[in-house]
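Asker: Have a look at this fold, sequence not included:
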Ligand code: B12
C-alpha cells in the first residue's frame, strides 16, 4: 500500500485540511490546566516560563532532557501531618510513598490530557527512579523540582532546604510537568518566606546535617536517611561480599537491619529520618498548633523524635557522629560507608565541598597544593580556614602542604582499596610539609 493511502496517513491529511490542531499549540489557559491538575489529585499548581530568570541555573539541564520545553508546571502534593510526624518509620515512609505515587499518577494523567489536546508534554519522576548511571558523577535527577516550585510561587526554601508552601507548610512533595506551549498567564514568586526560622528542624535532625545557621550537609543527611537507598544499599551489599560466614555478616548487620532492607526493597524504601519536615510549624494550616502553645507543640511533635531510641548511620569521624554523641547520647551509632566513590580526581575535587566536615576542621587554617599525575594531570589549591573550604584550579598562594600523587593511587586510597601510608611508602603519594597538617586535612573528610 502506498504510504499516502494508509488509513492513519489519510486521517492525518483530512485533519490537517480541516485545520484540527496536531502540532504547536496556541497559548494554553492557566485556569483550565489548573483545574485538570487539581482534578487529577494535585493540591496546588503553578506555571513558569522556561526563560524565567529564577530558572537560569536549571535551564540547560532541563533542555538537555526536554529540548522543546516552553512552560514548566509545578505540582504540589500535600502530606498528611500526623503520618509524617510519627516516630514509627513505617508510617512516615508509607505516607511519603503514597504522596509521591499520587503526584506521579496526577502528572501522567495531566500529560495524557495535554497529549489529547495535541500538546507535547512529559513528566519526570518526582523522586525515584533516577538516572543511576550518573551516581557519583553528577546529578541523577532530570529536573530539580524545588527551584521550579519556588519560581512558580508555590513556596520558598526554608532553613532546612525544603520548599515550604504558604498554606501546607513543609508538608509537601513536588513534581513538575514540562510543556511545549506557552500559557496565557504565569505565576509570580511569593513575596515572603513562610519559614519562621524557629530552627526546630536543626534541633530535630538526628545527624546535625541542618545547622542552626542554615548550613546543610547533604552527605551526612544521605548517609543516615538514605541508608536503605542507593549508596547505603551499595554499602550493605559490600558487607555481604566481605563476610566470610553468616555469623560474620551478623556482626556487620543486625537481623533487624536485614529485615528492614528486605522491607525497603519489597515495599519502597524506609527513610530513616524526615524529621526536618515533620517538626516544621510553618504554613497557614500548620502554624496555629505552634503559636497557640509553643511548649506543647515541642512536647507533642519535636520531643518524641528527639527522644526516639534508634540507630543513626554516620561516616566514621564525621560531624554527624560527633553530633549524635553530644546531642543524642541515647541513640545508637552505626559507623558505615555511603557508597559514594568519586570515579576521578576531577569528581573528587568537585565533591569536596559536599563532603567537607566543617566541625572536624575547627582550628585548622592551611593551604594545600595538589599535583596529580598519571591518568589525570590536575593541579588544585585547597584552602581550609574558619571552618570553610575553598577549592580552585591551579596553584595559588604559598602552600603549607604540597601533595604530589598518582591519580589512580589517590583514588584507590579514597575507595579504601589501599592505605594512604602504603602509597606514601611506595612514593606514589608524596607529602611535603608538616604531616600533622596533612592528617588534619584527612580528618575534614571522614
Ligand atoms: C538530591 C536530592 C536529595 C539529596 C540532597 C538534598 C538537597 N537539599 O538538595 C538528599 C539525599 C540529601 C536528599 C534528602 C532529602 N530529600 Co531530597 N531530593 C533530592 C532531589 C533528587 C534533587 C534536589 C535538588 O534539586 N537539589 C539541587 C538544589 C535545588 O538543592 P539545594 O538544596 O539548593 O543544593 C544542594 C544540592 O545540590 C546538594 N548536592 C549537589 N550535588 C549533590 C550530590 C549528592 C550525592 C548529594 C547527596 C547532594 C548534592 O548540595 C547542595 C547544597 O546543600 C529532589 C527531587 C528532584 N528531582 O528535584 C528531592 C527532594 C528535594 N527531596 C525531598 C525530600 C522530601 C527529601 C528528604 C526529606 C528525604 C526524603 N524523604 O526523600 C530529605 C530532606 C533533606 C533536606 N533537608 O534537604 C523533596 C523536598 C520537598 C520539598 N518540600 O521541598 C524533593 C523535592 C522530592 C520531591 N519530589 O518532593 N534529597
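Answerer: That came in fine, so what should we check first? In this text the structure is predicted, and so the values were computed from the model without any measurement.
Asker: Quick check: chain neighbours aside, which residue is closest to the residue in the stretch 201-350 of the chain that the ligand sits nearest to?
Answerer: Of all residues in the stretch 201-350 of the chain, residue 218 sits closest to the ligand, at 3.5 Å by C-beta to the nearest ligand atom. Any C-beta I mention is one placed from the backbone N, CA and C, and that applies to glycine too. Nearest residue to residue 218 in three dimensions, chain neighbours excluded: residue 354, at 5.8 Å (C-beta to C-beta, 6 or more residues apart in numbering).
Asker: State the helix or strand in which the one you found lies.
Answerer: Element membership for residue 354 (DSSP states H and E) is helix 345-355.
Asker: What average pLDDT does that helix get?
Answerer: Helix 345-355 comes out with an average pLDDT of 95.
Asker: For that helix, name the packing helices and strands.
Answerer: helix 218-225, strand 378-385, strand 388-393, helix 407-414 (3 or more C-beta pairs under 8 Å, 6 or more residues apart in numbering; DSSP states H and E).
Asker: from those, which stretch is densest packed?
Answerer: Mean neighbour counts were compared across these using mean count of other C-beta atoms under 10 Å; the top stretch is helix 218-225, at a mean of 23.
Asker: domain assignment for the chain?
Answerer: 15-179, 200-335, 345-443 (automatic domain parsing).
Asker: So for the longest one, mean pLDDT?
Answerer: Taken as a whole, domain 15-179 has a mean pLDDT of 95.
Asker: That domain near the ligand at all?
Answerer: Yes - applying C-beta under 6 Å from any ligand atom, one finds domain 15-179 in contact with the ligand at 96, 126-127, 141, 143-147, 160-163, 170, 172-175.
Asker: Which helix in the protein has the most residues?
Answerer: As assigned by DSSP state H, the longest helix anywhere in the chain is helix 89-116.
Asker: so after that one, what's the next helix or strand?
Answerer: Using DSSP H and E, the helix or strand that directly follows helix 89-116 along the chain is strand 121-122.
Asker: elements contacting that next one?
Answerer: Checking 3+ C-beta pairs under 8 Å, 6+ apart, strand 121-122 ends up next to helix 89-116, strand 172-179.
Asker: between those, which gets nearest to residue 348?
Answerer: strand 172-179 (30.9 Å; C-beta to C-beta).
Asker: since we're on residue 96, how many residues are nearby?
Answerer: Residues contacting residue 96 under the criterion other C-beta atoms under 10 Å number 20.
Asker: before we move on, back to that, CSV please, covering the domains of the chain and showing distance to residue 185.
Answerer: What follows is the domains of the chain, written out as CSV (distance: least, C-beta to C-beta, whole Å):
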stretch, distance to residue 185
domain 15-179, 4
domain 200-335, 24
domain 345-443, 38
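Asker: Residue 3: which of those domains is closest?
Answerer: Here domain 15-179 is closest among the domains of the chain (C-beta to C-beta), at 15.0 Å.
Asker: Quick one: distance of the closest one to the chain centre.
Answerer: Distance of domain 15-179 from the chain centroid (C-alpha atoms, centre = their mean, to the nearest Å) equals 16 Å.
Asker: With stretch 405-418 instead?
Answerer: 27 Å.
Asker: Quote the end-to-end distance of that stretch.
Answerer: Using C-alpha to C-alpha, to the nearest Å, the end-to-end distance of stretch 405-418 comes to 14 Å.
Asker: Looking at that stretch now, give me its mean pLDDT.
Answerer: pLDDT averaged over stretch 405-418 gives 96.
Asker: May I see the buried residues of the longest helix of the chain?
Answerer: Within helix 89-116, the residues that qualify as buried are 89, 92-100, 102-104, 106-111, 113-114, counting by 16 or more other C-beta atoms under 10 Å.
Asker: what is the orientation angle of that helix with strand 172-179?
Answerer: Here the directions of helix 89-116 and strand 172-179 differ by 20 degrees (axes from the mean of the first three to the mean of the last three C-alpha atoms, to 10 degrees).
Asker: Can you tell me which helices and strands helix 89-116 packs against?
Answerer: helix 30-39, strand 71-78, helix 81-85, strand 121-122, strand 172-179.
Asker: Close to the ligand: what parts of the stretch 201-350 of the chain are there?
Answerer: Counting by C-beta under 6 Å from any ligand atom, the residues of the stretch 201-350 of the chain close to the ligand are 210, 216, 218, 219, 221, 222, 225, 226, 271, 274, 276, 277.
Asker: Could you identify the most distant pair in the residues you listed?
Answerer: Greatest spatial distance among these (C-beta to C-beta): 219 and 277, at 19.0 Å.
Asker: separation between the residue of the stretch 301-446 of the chain found nearest the ligand and residue 445?
Answerer: Closest residue of the stretch 301-446 of the chain to the ligand, C-beta to the nearest ligand atom: residue 354 (5.4 Å). Using C-beta to C-beta, to the nearest Å, residue 354 is found at 10 Å from residue 445.
Asker: Which residue of these two possesses the greater neighbour count?
Answerer: Neighbour totals were compared for residue 354 and residue 445, and residue 445 leads with 19 against 13 (other C-beta under 10 Å).
Asker: and the more buried one, what element?
Answerer: Using DSSP H and E, residue 445 maps to neither a helix nor a strand.
Asker: how many other residues sit next to the residue lying closest to it once chain neighbours are set aside?
Answerer: Closest residue to residue 445 apart from its sequence neighbours, by C-beta to C-beta, 6+ apart: residue 355 at 5.2 Å. Residues lying near residue 355 (other C-beta under 10 Å) number 20.
Asker: tell me the helices in the stretch 151-300 of the chain, going along the chain?
Answerer: For the stretch 151-300 of the chain, the helices defined by DSSP state H, counting those that start in this stretch cover 200-204, 218-225, 230-242, 246-252, 255-267, 275-278, 287-292, 294-297.
Asker: what's the average pLDDT for the second one?
Answerer: Pointing back at helix 218-225 there. The pLDDT scores in helix 218-225 average 98.
Asker: How much space separates the residue minimising distance to the centre of the chain from residue 209?
Answerer: Nearest to the mean C-alpha position of the chain, counting by C-alpha atoms, centre = their mean, stands residue 218 at 7.1 Å. Look at residue 218 and residue 209: by C-beta to C-beta, they are 7 Å apart.
Asker: buried sites along stretch 266-283?
Answerer: Neighbour-count burial for stretch 266-283 flags 268-283 (criterion: 16+ other C-beta under 10 Å).
Asker: same deal with stretch 202-215?
Answerer: Residues of stretch 202-215 classed as buried: 202, 203, 204, 205, 206, 207, 208, 209, 210, 211, 214, 215 (neighbour count, 16+ other C-beta under 10 Å).
Asker: wait, the second one sits on residue 305?
Answerer: Right, residue 203. No - using C-beta atoms under 8 Å, residue 203 makes no contact with residue 305, being 9.6 Å away.
Asker: can you list residues touching both of those two?
Answerer: Taking C-beta atoms under 8 Å, 6 or more residues apart in numbering as the contact definition, residue 203 and residue 305 share the neighbouring residues residue 279.
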